[in-house]
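> structure of the sequence below:
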Amino acid sequence: MATPDKVNAVAEIADQFRASSAVLITEYRGLSVPQLAKLRGEIRGAATYKVAKNTLTALAAKDAGIEGLDDLLTGPTAIAFVTGDPVEAAKGLKAFAKENDKLVIKGGVLEGKVISADEVKKLADLESREVLLAKAAGAMKASLFGAAYLFQAPLAQAARAVDALRAKQEDAA
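Numbering: from 1, shown residues only. Next up is the predicted model:
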């Protein structure tokens, strides 16, 4: 029989699943409390990092409509509920895992689909949203400049041809 505390915990985790743009699941076995506090500080702003019981997390995921997490929910599990940019959170976890080999990235959920640990690492290798938007804007600006030059070229050629014709007529006269 479910206790009220567990029902409330499942409801809270399910709400976090629904409110998150992505969820990254890790194993924190062997990390100390100060190390976990440092990790929370590194991903603060992009995600909230929470240690959760696997059974409660599995129930909350089903309640939130997410299937396929059962393989990831083994061992001591901590979850990063991403509310900001998923790339920033993945980069923070990957950087911390590089410094502390005890943190294991298991996988996660992005846009409602379960992703593997390798896909989380690929996500971490992407540039941030702002950089990608700046590159897209630069590419559009360059193509617009090219189009403006292309439309202006026939006018410039016509002006040069008229000027050359005028100069020729002046020389003839």
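> where do the strands sit along this structure?
22-27, 47-52, 77-82, 104-110, 113-116 (DSSP state E).
> centre of the chain to the longest one, how far?
So that's strand 104-110. Mean-position distance between strand 104-110 and its chain equals 13 Å (CA atoms, centre = their mean, to the nearest Å).
> mean neighbour count and distance to A137 for the strands of the chain - can I get that in TSV?
To be clear about C-beta, it is placed using only N, CA and C from the backbone, and glycine gets the same treatment. Shown next, in TSV, are the strands of the chain (neighbours: other CB atoms under 10 Å; distance: least, CB to CB, whole Å):
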stretch	mean neighbour count	distance to A137
strand 22-27	24	24
strand 47-52	19	27
strand 77-82	24	25
strand 104-110	21	24
strand 113-116	16	28
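> tell me which of these lies nearest to K94.
Between K94 and the strands of the chain, the shortest gap by CB to CB is with strand 104-110, which sits at 7.0 Å.
> any stretches of this structure with poor pLDDT?
Along the chain, the parts satisfying pLDDT under 70 run over 1.
> quick one: the helices in it?
Using DSSP state H, the helices of the chain run over residues 4-19, 33-43, 54-63, 86-99, 117-125, 129-172.
> quick check: which of the ones you listed is buried the most?
When these are scored by mean count of other CB atoms under 10 Å, the highest mean neighbour count falls to helix 86-99 (a mean of 20).
> now do that helix: distance to the chain's middle.
Worked out by CA atoms, centre = their mean, helix 86-99 lies 11 Å from the chain centre.
> convert the C-alpha atoms of it to PDB, please.
Extracted in PDB, the C-alpha atoms of helix 86-99 (Å, rounded to 0.1, in the frame of the first residue of the first chain):
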ATOM      1  CA  PRO A  86      19.700  20.900 -22.600                       C
ATOM      2  CA  VAL A  87      23.100  21.400 -24.300                       C
ATOM      3  CA  GLU A  88      24.400  23.400 -21.300                       C
ATOM      4  CA  ALA A  89      23.200  20.800 -18.800                       C
ATOM      5  CA  ALA A  90      24.800  18.000 -20.800                       C
ATOM      6  CA  LYS A  91      28.000  19.900 -21.100                       C
ATOM      7  CA  GLY A  92      28.100  20.500 -17.300                       C
ATOM      8  CA  LEU A  93      27.500  16.800 -16.600                       C
ATOM      9  CA  LYS A  94      30.100  15.700 -19.200                       C
ATOM     10  CA  ALA A  95      32.700  18.100 -17.800                       C
ATOM     11  CA  PHE A  96      32.000  17.000 -14.200                       C
ATOM     12  CA  ALA A  97      32.200  13.300 -15.300                       C
ATOM     13  CA  LYS A  98      35.600  14.000 -16.900                       C
ATOM     14  CA  GLU A  99      36.900  15.400 -13.600                       C
END
